[in-house]
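Peer 1: I'll drop the sequence and a predicted model, then ask my questions.
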Amino acid sequence: MTSMGTQTKAEFNRNTRLSGRLLLAFPSELGAEEARVFAVRSALALIGGSMHVVQLVVFFAMGLTLQAWLSVGSVAIFGLAWLLVQRGMGTLAMWVGYAEVSAHATYLTHTLGADAGYALFMFCLGPFVFLAMRPDQVTHRVAGVVLALVGGLALWLHGRSSVPDIALSDDEVTGLFLMNASGVLVALVLIVAWFARLAEQARAAQAAERERSEALLRNILPERITERLKAGETTIADDVASASVLFADLVGFTKLSSQVAPRELIAMLDSIFTGFDALAETLGVEKIKTIGDAYMVVSGLSESADDRSTHAERLATMALGMREVVEAYAQAAGRPLNIRVGIHSGPVVAGVIGTQKFAYDLWGDTVNTASRMESHGEPGRIQVSRATHDLLGDTFVLERRGEIDVKGKGAMQTWWLHGGPNIQPSDEGAEEATLRSG
């Protein structure tokens, strides 16, 4: 059987409770549509066998011994049909059951008369075989429906125009008709109820899957970008007049990677970057990506006035927190690990690229300059450009580093960020840091 989805055996068994707990030989690799067809076929085989059990009991009670023993044979045939379904021969099983119902209904209509109601089973074969076939089995579906309608009509007309072989009382005929009509109705109700339940579970599963997909998307992209994609926007490219970009790199990580096992290395990165992620979420800044042991963050991309006016302050706070995370980890793990951070502020272009494994990214000179602030920095220090320095004002403690030669940019004035208003600078330049120079 062809796998058409990822529904597991346990999930399928939960979704098909109305089929009973006799689905013992469930094929383990069925897709959603194959699972549905499998369940319908199993259910019809069980329902058909159960109805014939009731019928044989009634026939024995009425003294119709031959008809009762024929019903015993019918139970065996539906048992065979159920086994065929479990062995992956579901289409054959359905036609075996179809043939049994047709032959049995024809015999009983001829023997007991049309008023006994056995022609009803022919008419219900149409919808049953339609549900029991896959959508690609068009020929089987059409043949099953047409034969059921033509056969049922022909059988009813034959029964109305012929004399039954066995003369039954009016009460017996009425009792058989009510039994057969009830049986057909119960079978239809069971199948419809099962389908309604399955449809509801499918909707719930679809909603849960959509929620999982959206949660995954929110982990990859900022929420506002996710909402724009969901709304149908296909090309996302925003010009942002002023934002702050941070690059951070773990100093000593390359050397450390050759000294520890891969699993331990990944665990270390996961622990540190998880701390960074928590900081980013708390401060409302946006993590853009990680490349190896490098971490990139941006602030100021949202439309809120507060975000646009305080992006440099929040990113400076982020940088100080990142340094604390690394220092705490290095001390606890006893590893020679440090961080180098660079921040620059200015205009950026932000957007989504790609259609598969797409990513939200930034472009522009501001991004390149922020990267240079990091690469031209020093271990354990946070270097900021003049643009970021001017935005921070007197809120943070900064120390003029002086003019440095930046690759691709030439001479640039930069500053070391030491702390916020409640954080004292911890390096040798503390005294100079309190004297900010413009």
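Peer 2: Nice, I can see it.

Peer 1: and residue 275, how many neighbours?
Peer 2: 17 (other CB atoms under 10 Å). For the C-beta atoms, the positions are set from N, CA and C on the backbone; glycine is no exception.

Peer 1: ignore what I typed, I meant residue 79.
Peer 2: Residue 79: 15 neighbours (other CB under 10 Å).

Peer 1: for residue 139, same thing?
Peer 2: 9.

Peer 1: measure it to residue 120 for me?
Peer 2: 26 Å (CB to CB, to the nearest Å).

Peer 1: for residue 352, list the residues it contacts.
Peer 2: 221, 225, 229, 236, 358, 359, 360, 361 (CB atoms under 8 Å, 6 or more residues apart in numbering).

Peer 1: take those residues and write them to CSV, including distance to residue 151.
Peer 2: Shown next, in CSV, are those (distance: CB to CB, whole Å):
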residue, distance to residue 151
221, 59
225, 60
229, 54
236, 60
358, 56
359, 61
360, 62
361, 66
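
Peer 1: and the two most separated of those residues?
Peer 2: Greatest spatial distance in the contacts of residue 352: 229 and 361, 14.7 Å, computed using CB to CB.

Peer 1: secondary structure element for the spatially most central residue of the chain?
Peer 2: Taking CA atoms, centre = their mean, the centroid of the chain lies closest to residue 209, which sits 3.3 Å from it. Here residue 209 sits within helix 170-220, counting by DSSP states H and E.

Peer 1: state the mean pLDDT of the following helix or strand past that helix.
Peer 2: Remark: after helix 170-220, the chain's next helix or strand is helix 223-230, criterion DSSP H and E. On average, the pLDDT along helix 223-230 is 71.

Peer 1: in helix 223-230, what counts as buried?
Peer 2: Buried positions in helix 223-230, judged by neighbour count with 16 or more other CB atoms under 10 Å: 225, 226, 228.

Peer 1: residue 39: neighbouring residues, count only.
Peer 2: Neighbour tally, residue 39, other CB under 10 Å: 25.

Peer 1: sorry, back to before: show me what the helix holding residue 209 is packed up against.
Peer 2: On a contact count with 3 or more CB pairs under 8 Å, 6 or more residues apart in numbering; DSSP states H and E, helix 170-220 meets helix 9-15, helix 32-62, helix 119-132, helix 223-230.

Peer 1: and the angle for the helix or strand encompassing residue 105 with helix 119-132?
Peer 2: Element membership for residue 105 (DSSP H and E) is helix 90-112. Helix 90-112 and helix 119-132 are oriented at 170 degrees to each other (axes from the mean of the first three to the mean of the last three CA atoms, to 10 degrees).

Peer 1: buried residues of helix 90-112, list them for me.
Peer 2: Buried-residue list, helix 90-112, by 16+ other CB under 10 Å: 90-91, 93-98, 100-102, 104-106, 108-112.

Peer 1: then stretch 179-194?
Peer 2: Neighbour-count burial for stretch 179-194, counted by 16+ other CB under 10 Å, picks out 179, 180, 183, 184, 187, 190, 191, 194.

Peer 1: now do that stretch: everything it contacts.
Peer 2: Residues contacting stretch 179-194 (CB under 8 Å, 6+ apart): 16, 18-19, 39-40, 43-44, 47, 51, 54-55, 58, 116-118, 120-121, 123-124, 127-128, 131.

Peer 1: write a ChimeraX command that selects only the buried members of those residues.
Peer 2: Selection command for ChimeraX covering only the buried members of these, criterion 16+ other CB under 10 Å:
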select :16,18,19,39,40,43,44,47,51,55,58,116,117,118,120,121,123,124,127,128,131
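
Peer 1: right, and the helices and strands packed on helix 170-220 - which one's nearest residue 84?
Peer 2: Among the helices and strands packed on helix 170-220, helix 32-62 comes nearest to residue 84, with 8.3 Å by CB to CB.

Peer 1: return the distance of that closest one from the chain's centre.
Peer 2: 35 Å (CA atoms, centre = their mean, to the nearest Å).

Peer 1: helix or strand right after that helix?
Peer 2: helix 65-86.

Peer 1: residues of that next one that come out buried?
Peer 2: 67-68, 70-71, 74-75, 77-78, 80-82, 84-86.

Peer 1: check stretch 373-381 too.
Peer 2: Buried residues in stretch 373-381 (16+ other CB under 10 Å): 373, 374, 376, 377, 381.

Peer 1: other SSEs contacting the one helix or strand the first one maps to?
Peer 2: Assigning secondary structure by DSSP H and E places residue 373 in helix 365-375. With contacts defined as 3+ CB pairs under 8 Å, 6+ apart, helix 365-375 has these neighbours: strand 237-251, strand 338-353, strand 382-385.

Peer 1: which of these sits most buried?
Peer 2: Highest mean neighbour count among the helices and strands packed on helix 365-375 (mean count of other CB atoms under 10 Å): strand 382-385, with a mean of 27.

Peer 1: now the element after that strand, going C-ward?
Peer 2: Following strand 382-385 in sequence order, the next helix or strand is helix 386-392 (DSSP H and E).

Peer 1: next, the angle from the very next helix or strand once past that following helix to helix 365-375.
Peer 2: Downstream of helix 386-392, the first helix or strand assigned by DSSP H and E is strand 397-406. Inter-element angle recorded for strand 397-406 and helix 365-375: 100 degrees (by the same axes, to 10 degrees).
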